[in-house]
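In: following is a predicted model, sequence given first.
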Amino acid sequence: MLSHLESGKGVPVVLVHGNFACKEWWRELLEDPPEGAWLLAPDLPGFGESPAPEGFSPSIPAYAEALRAFLREKGAEGAILVGHSLGGAVVMEAAMEGTRGLLLVNPAPPSGLETPEAYYPILESYRENREALSQALAAMAPTRRPPWFPELVAKAQGMHPAHFQGNARALAAWRLERPYPGPVLVVYGALDPLVTRGMAEATAAFFPRGRLRVLEGVGHSVNLENPGLFREILGEFLKEVAA
C-alpha cells in the first residue's frame, strides 16, 4: 500500500499531490478536515515514503493504476478525488464509475503539459542543487509557504531519480481519452506561473459537468498558500456532491 496520511470521518476524499511534492503538502488540511470528510493523502510511487517498484517508469497511467489499487485497499472506490498539478492529471486518469467527483487544483490539462526541452537539464540539476530546487518550489507557492517548507524541499529532492525528468516527460506524453462524466470543479490560482488560465478554462470545458473557479491573489498551490480557503472550497464541493 502507498504510504499515506489520513484524518476525519465520512465521505472518502483522496488528496493527490503534484510533481516534486508529497502527502505533506496537504498537512494543514489534514489537521482541520472539513466536516463529513475522511481525508486520505497518499504518496505516489517514488515520492515521499512510497518506494517505486523495481523498473518503474513514470507515466500518468502508471500513477493512476497505483492510485486505483490504493482506493481498493482502503475501501474508498467511491471517493472524491482531489488532484494538484500533476496529481490533477493522475486523478483524471484514475476516475472510475463510482468516483463521486473531481476537484482539480491548478491541474495539468487533459491535452498534456509540454516542458521545453531546454528545461530538462535544469530539472535534473535539482537532484544536487537544493537551493535552486527551493527557489523553484517557492515560485509554485508565491504568496505564502508553511513553516515546514524546508522539509517539503528535502522530500522533493528525495524523489526517485527517474522522476526529475521523467514526470515532465510523462505529462508531455499524456492525453486523457475519455472525460469523466460526473461533477468536476477546477480551482485555479490566478498567479500561477506554470498553468495558464487558458489551460484551466480548457480543462473545465473538457468535462460535461466541469466548471471553473478562479482565485485571485493565489498562485499554483492554494493548499499551501491559503489552506483555510481551500478547506472551505472542499467543504462546499463535498456538500454539493453529497446532495
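Out: Sure thing, it's come through.

In: where do the helices sit along the protein?
Out: Along the chain, the stretches classed as helices by DSSP state H are 27-31, 60-74, 86-94, 120-125, 130-139, 149-157, 163-173, 197-206, 222-225, 227-242.

In: my guess is Ala170 contacts Gly46, does it?
Out: No: in this structure Ala170 lies outside contact range of Gly46 using CB atoms under 8 Å: 11.4 Å. In short, each C-beta sits where N, CA and C put it, glycine included.

In: now list whatever residues contact both of these two.
Out: Residues touching both Ala170 and Gly46 (CB atoms under 8 Å, 6 or more residues apart in numbering) are Pro58.

In: still on that earlier bit, quick one, which of the helices of the chain is packed in tightest?
Out: helix 86-94 (a mean of 27; mean count of other CB atoms under 10 Å).

In: could you dump stretch 222-230 to PDB, C-alpha only?
Out: This file holds the C-alpha atoms of stretch 222-230, laid out as PDB (Å, rounded to 0.1, in the frame of the first residue of the first chain):
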ATOM      1  CA  VAL A 222      -3.700  27.100  -2.800                       C
ATOM      2  CA  ASN A 223      -3.200  24.000  -0.500                       C
ATOM      3  CA  LEU A 224      -0.100  25.700   0.800                       C
ATOM      4  CA  GLU A 225      -0.900  29.400   0.300                       C
ATOM      5  CA  ASN A 226      -4.400  29.500   1.800                       C
ATOM      6  CA  PRO A 227      -5.300  26.200   3.300                       C
ATOM      7  CA  GLY A 228      -8.300  27.800   5.100                       C
ATOM      8  CA  LEU A 229      -9.800  28.900   1.800                       C
ATOM      9  CA  PHE A 230      -9.200  25.500   0.300                       C
END
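
In: check the offset of it from the chain's centre.
Out: Put simply, stretch 222-230 sits 13 Å off its chain's centre (CA atoms, centre = their mean, to the nearest Å).

In: could I get the average pLDDT for that stretch?
Out: Averaged over stretch 222-230, pLDDT sits at 98.

In: contacts only, for the most centrally placed residue in the chain.
Out: Nearest to the mean C-alpha position of the chain, by CA atoms, centre = their mean, lies His84 at 2.4 Å. The contact partners of His84, taken as CB under 8 Å, 6+ apart, are Leu15, Val16, His17, Gly18, Ala21, Trp25, Val105, Asn106, Pro107, Ser221, Asn223.

In: hmm, 10 Å instead?
Out: Contacts for His84 (CB atoms under 10 Å, 6 or more residues apart in numbering) come out as 15-19, 21, 25-26, 90-91, 103-108, 140, 187, 220-224, 230.

In: with Ser111 instead?
Out: Trp174, Arg175, Leu176, Met199, Ala202, Thr203, Phe206.

In: for Arg27, see how far away it is.
Out: Ser111 is 31 Å from Arg27, where distance means CB to CB, to the nearest Å.

In: please apply the same query to Val187.
Out: In this structure, Val187 and Arg27 are 18 Å apart, going by CB to CB.

In: kindly report the same for Gly217.
Out: Plainly put, Gly217 is 22 Å away from Arg27 if you go by CB to CB.

In: how about Ala89?
Out: Distance from Ala89 to Arg27, by CB to CB: 22 Å.

In: again, but for Val105
Out: 15 Å.

In: now Glu225
Out: Distance, Glu225 to Arg27, by CB to CB: 13 Å.

In: cool, and Leu191?
Out: For Leu191, the distance to Arg27 - CB to CB - is 22 Å.

In: for Gly158, give me its contacts.
Out: Contacts for Gly158 (CB under 10 Å, 6+ apart) come out as Cys22, Gly46, Phe47, Gly48, Glu49, Arg127.

In: actually Pro116, not the one I typed
Out: Residues in contact with Pro116, defined by CB under 10 Å, 6+ apart, are Ile122, Ala168, Ala172.

In: since that was my last question, I'll sign off now.
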